[in-house]
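S.K.: Next input, structure requested:
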Amino acid sequence: MTKGLGTALLTLGAALLSDNTSIVVAAADANEQTILDGGGLRRKRITARYNSNHEASSSSSSHRRLSNVDEELAQRFFLPNKENNNPIDEIDMRELLVQMNLDLCFSTTQAPTLRPTQSIAPTATSCDNPGTCENRLRDQIYAISVRVGSVETLDDPNSAQSKATEWIVEECGADPPIDPCDVNQIMLNEQRYALAVMYFSLGGDNWNSGSNAGQAADNAEVGAWMTGKNYCEWGPEIEAQGGDKYKQLVCDEFGNVQQLNLQSNNMSGPIPPEIGVLVYLTTYISFFNAQTGSIPTALGLIAPLQTFDVESNNLDGDLFKPEYSGPNGLKEIVNWRASLNNFAGPIPTEIGLWTKIQNLWFADNEITGTVPVEIGNLVELGAFLFYSNNIAGTLPVELGNLNALTWIDMEDNDIVGTIPEEFYSNLELEEVILKNNSISGTISDKVGDLSKLATFWASFNELSGSIPTTFGNNLNLEELELQNNKITGVIPSEFGNLEALEFLSMESNALTGEIPPEMFGPQLGALRILYMNDNKLVGPVPENYGQTPRLKDLWMSDNQLTGTLPIIAEGEFLFLGTWLDVTCPPLSLPFVSRLKPLSFFLLRPTEELLINNNDMTGEVDESLCLIRNNTVPGGQLGVFHADCQPPASGGAPQILCTCCTACFE
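M.R.: Alright, predicted model coming up:
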């Protein structure tokens, strides 16, 4: 039961003494009033909507009588009957308030009453002197604090709430003064106060942009906060990396705050509960700062919120609280980005209620529990990033319902079990990161149905079986990581179809058979990295191994290869460093995993050829040594390992090499 209802019930006896008595009591939500009269109990919504046609009630206006609709609502929610006999604490106040949506009216009455009206709502009298102005503002601020749960902070003179209170009441003496009695200004005053609390709570004097140390009203920079009465002019326009521009604070046409974008602004301190006063807010972005504390439960009061991005801060506490992620929580949320913090707690089953969400990011935190089956309800989800947490259990088959999913990253968790066959039904998938878990079973042949797949990382797991030949259908595949598993069988020759392939790692498995010549050649013109070491491969190195034009690293060590390393023809195998001329995109996104996978940007100074720990013999041809010594222009073979160390017992080495950088026995 809300605090307002509790207070209302305590005063019920007094109210029932007269049919004409009207008592208005502050509710837990300052946009609500609980009205007790002889005719019964009802709630009234103080609307926060303003338009040019809205007129303030006069001082002589009375509480308007209930319309037929209101009578029906009162009967439905408060007056027991045969169909409705619920106790007060089971009333869905959110539903009631939305349906009633009554206009603000003053707490005066037309007819005399046996007892005086009691109210913390503003009255229409005595608003022309500063003393009354200050009292009205303090009453409104108290009501806000009740609503968002920060009453205790008002007793601390050093709190952000107290500082904001003292700042705003000073405007009672301004010319013209702030008006706490104008119906059209009450909600705007509340938002002004809430923004001031946020400024003080988040260290506004030290912000990179928008700061106003000392809260100077005059001579402040354009866009500085805490200036003038029109807070919609607060917040400068900022040019982000890449040339995009954004404004820190954006209002709608009625003066309601709709967007706050405070990214990379040297903010520190907690997000105050007063953020819940900004009930028209659709966007809150504050990544790359030093915000601390937990997400306030008052966030759940912001019904239209669509984007909440607090990545790369020092926030903690439960990430998903029922006030905003439960049955009565946020329903319009589209982007929830909370990666790179210290959040904890499980993923609630109620996450399935966020049916409009497109980006769900909470990577690099301390989230526990499992991935609930309700995740399958998020049919609009495009990116699901939860890497580097403590999530365990199996992957639910309901993941196969996410037909809009393009990017999933669960690296560095404790996931067990197999990859559900249904998972491969998500045909929009472009990036799949399963790395460093304990996933077992095989990779389905259906992986070949993912025609848009560009990245598939499944390394450091317990995968077994063979590599599907259907990978050859993934013509957009750029990165494939399968290393450190228990994969058997041969290397599919179908890899030769992958003209976009840049990085292929199959090391530390149990692969057998020969290296197919299709792994090399001009058709693989994008291939830079090829790791096949630490397997059970046999046979010779293919004669065409030097024909892949941009190959940078070739690791074939720790196998059972035989024969002599083939001669390099002129113009082949130059280990050209041209892959490094890739232009990195601007770092306009909050964390590096939003960029291309890190292996794409590895800047390593040398190129590598590893053939050590095999059964190869013969002599390394001079053609390779010319590349090693950079005699051939463009040759930068900086690491060349072979079995060129003479045995300890004496005799000749397996391989004669005059240009190897390291010799093994």
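
S.K.: for the protein, what helix or strand is lowest in average pLDDT?
M.R.: Within the chain, no helix or strand scores below strand 40-45, which has a mean of 29 by mean pLDDT, DSSP states H and E.

S.K.: neighbouring strands for the host helix or strand of residue 530, and are they parallel or not?
M.R.: Assessed by DSSP states H and E, residue 530 sits inside strand 529-531. Using DSSP bridges, the strands paired with strand 529-531 in its sheet are strand 503-505 (parallel), strand 553-555 (parallel).

S.K.: ok, residues contacting the last one?
M.R.: Residues outside strand 553-555 that contact it (C-beta atoms under 8 Å, 6 or more residues apart in numbering) are 507, 528-533, 545, 604, 607-610. (Each C-beta comes from the backbone N, C-alpha and C, glycine too.)

S.K.: rerun that using 7 Å as the cut-off
M.R.: The contact list for strand 553-555 (C-beta atoms under 7 Å, 6 or more residues apart in numbering) reads 507, 529-533, 607-610.

S.K.: could I get those residues as a markdown table with pLDDT, neighbour count and distance to residue 379?
M.R.: Shown next, in a markdown table, are these (pLDDT from 0 to 100; neighbours: other C-beta atoms under 10 Å; distance: C-beta to C-beta, whole Å):
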| residue | pLDDT | neighbour count | distance to residue 379 |
| --- | --- | --- | --- |
| 507 | 98 | 21 | 38 |
| 529 | 95 | 21 | 36 |
| 530 | 96 | 25 | 38 |
| 531 | 97 | 22 | 38 |
| 532 | 98 | 24 | 40 |
| 533 | 97 | 22 | 42 |
| 607 | 83 | 23 | 46 |
| 608 | 89 | 18 | 45 |
| 609 | 92 | 28 | 48 |
| 610 | 95 | 21 | 47 |
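
S.K.: just checking, next helix/strand downstream of the strand holding residue 530?
M.R.: Strand 529-531 is succeeded, C-terminally, by strand 538-539 (DSSP H and E).

S.K.: Which elements pack onto that next one?
M.R.: Using 3 or more C-beta pairs under 7 Å, 6 or more residues apart in numbering; DSSP states H and E, the elements in contact with strand 538-539 are strand 560-561.

S.K.: From the chain's centroid, how far away is the helix or strand following the strand it packs on?
M.R.: Next helix or strand after strand 560-561 toward the C-terminus (DSSP H and E): strand 607-610. Put simply, strand 607-610 sits 39 Å off its chain's centre (C-alpha atoms, centre = their mean, to the nearest Å).

S.K.: packing partners for strand 607-610?
M.R.: With contacts taken as 3+ C-beta pairs under 7 Å, 6+ apart, strand 607-610 sits against strand 553-555, strand 637-642.

S.K.: Please identify the deepest-packed of those.
M.R.: strand 553-555 (a mean of 22; mean count of other C-beta atoms under 10 Å).

S.K.: neighbours of the residue nearest to residue 378 when sequence neighbours are not counted, just the number please.
M.R.: Of all residues not flanking residue 378 in the chain, residue 357 sits nearest, at 5.6 Å (C-beta to C-beta, 6 or more residues apart in numbering). By the criterion of other C-beta atoms under 10 Å, residue 357 has 23 neighbours.

S.K.: residues contacting residue 357?
M.R.: Shown in contact with residue 357 (C-beta under 7 Å, 6+ apart): 333-334, 336, 378, 380-381.

S.K.: Just the element for it, please.
M.R.: Taking DSSP H and E as the definition, residue 357 sits outside all helices and strands.

S.K.: Could you report the pLDDT at it?
M.R.: Looking at residue 357, its pLDDT reads 98.

S.K.: Closest to the centroid, which residue in the protein?
M.R.: Residue closest to the mean C-alpha point of the chain, counted by C-alpha atoms, centre = their mean, is residue 337 at 1.0 Å.

S.K.: Give me the pLDDT for the residue nearest to residue 568 when sequence neighbours are not counted.
M.R.: Spatial nearest neighbour of residue 568, excluding adjacent residues (C-beta to C-beta, 6+ apart): residue 623 at 4.0 Å. With respect to pLDDT, residue 623 scores 82.
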